[in-house]
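A.B. asks: Here is a sequence with its predicted model. Questions after.
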Amino acid sequence: MSEPSATHPFAPFEWMLSLRYLRARRQEGFISVNAGFSFLGIMLGVATLIIVMAVMNGFRKELLDKILGLNGHLLVQPLESPLTDWEVVADRISKVPGVRLAAPIVEGQALASSPFNSGGVLVRGMRGADLAALPSIGSKIKQGTPVSHEFRFTNKGKVPLVITNVQASCGCTTPDWSKDPVPPGQQGFIKATFNAGAVGQFDKTVTVTANIENGTALLRIKGEVAPNVP
């Protein structure tokens, strides 16, 4: 018979030890009250510490996402001559393993003024395709702007694929699909259009009913809707 290697949570020994010092005796009722208040204070203190750490970790993640969403981890710039072959350099850097995006930018100083104040600003320019590839910008949808995503698939079975119904999880998503049977080896589509009416993150599902294994398949679309600021 092997000896236990560790004590399980809320084991009888732990209950016995805690009740021995928390449960009041006949002549020591006041001591038990003090022990109860001390236990409650420690519990509230630990709970507050856990909540504060969770909030700070979430704030740190959001802050890093905002900063690194527009500023890259690495800045490559020339020393003594202008960077005229920036397209070649960006293409070489983008092929390095682990690099998700290499975006060329131009940077210059300007003067911003208003009826109340004026001051120097730093202006950066970026190509539209690179700007759309940034997760913090390109993944967001403007409120009130319908967007569509099309899922393409290939019938790898031996019989024609028949989609009988496509049902969205809410009325804000309108599905469309290949109405005719898809022969083996041919492609079909399932299209979901989201109206982007509410601001915030969204996670929608589309249930596809067809002559496939289990009868249904689930598609998921995720994103974030940003306020449409004029």
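C.D. replies: Perfect, thanks for sending it.
A.B. asks: okay, CA-based contacts and neighbour counts for the rest of this
C.D. replies: OK.
A.B. asks: What lies in contact with stretch 78-90?
C.D. replies: Contacts to stretch 78-90, defined as C-alpha atoms under 8 Å, 6 or more residues apart in numbering, come from residues Gln77, Ala102, Ala103, Pro104.
A.B. asks: Just the buried ones among those, please.
C.D. replies: Ala102, Ala103, Pro104 (16 or more other C-alpha atoms under 10 Å).
A.B. asks: of the residues you listed, closest to Ile42?
C.D. replies: Nearest to Ile42 out of the buried ones among the contacts of stretch 78-90 is Ala102 (C-alpha to C-alpha; 50.4 Å).
A.B. asks: Could you measure from Leu49 over to Leu40?
C.D. replies: According to C-alpha to C-alpha, to the nearest Å, Leu49 and Leu40 sit 14 Å apart.
A.B. asks: Could you do Ala11 as well?
C.D. replies: Distance from Ala11 to Leu40, by C-alpha to C-alpha: 21 Å.
A.B. asks: Please say which of these two ends up with more neighbours.
C.D. replies: Leu40 (12 against 9; other C-alpha atoms under 10 Å).
A.B. asks: and the more buried one, what does it touch?
C.D. replies: Taking C-alpha under 8 Å, 6+ apart as the definition, Leu40 has no contacts.
A.B. asks: okay if I get the contacts of stretch 78-90 as TSV plus secondary structure and distance to Lys191?
C.D. replies: Putting these into TSV (DSSP: H, G, I helix; E, B strand; the rest coil; distance: C-alpha to C-alpha, whole Å) gives the following:
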residue	secondary structure	distance to Lys191
Gln77	coil	43
Ala102	coil	31
Ala103	coil	31
Pro104	coil	34
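A.B. asks: Quick check: the gap between the spatially closest residue to Pro160 that is not a sequence neighbour and Pro104.
C.D. replies: Nearest residue to Pro160 in three dimensions, chain neighbours excluded: Pro183, at 4.3 Å (C-alpha to C-alpha, 6 or more residues apart in numbering). As for Pro183, its distance to Pro104 is 45 Å (criterion: C-alpha to C-alpha).
A.B. asks: Residues in contact with stretch 130-150: which ones?
C.D. replies: Residues contacting stretch 130-150 (C-alpha under 8 Å, 6+ apart): 65-66, 69-70, 101, 103, 189-199, 223-228.
A.B. asks: 6 Å instead?
C.D. replies: 69, 103, 190-197, 224-228 (C-alpha atoms under 6 Å, 6 or more residues apart in numbering).
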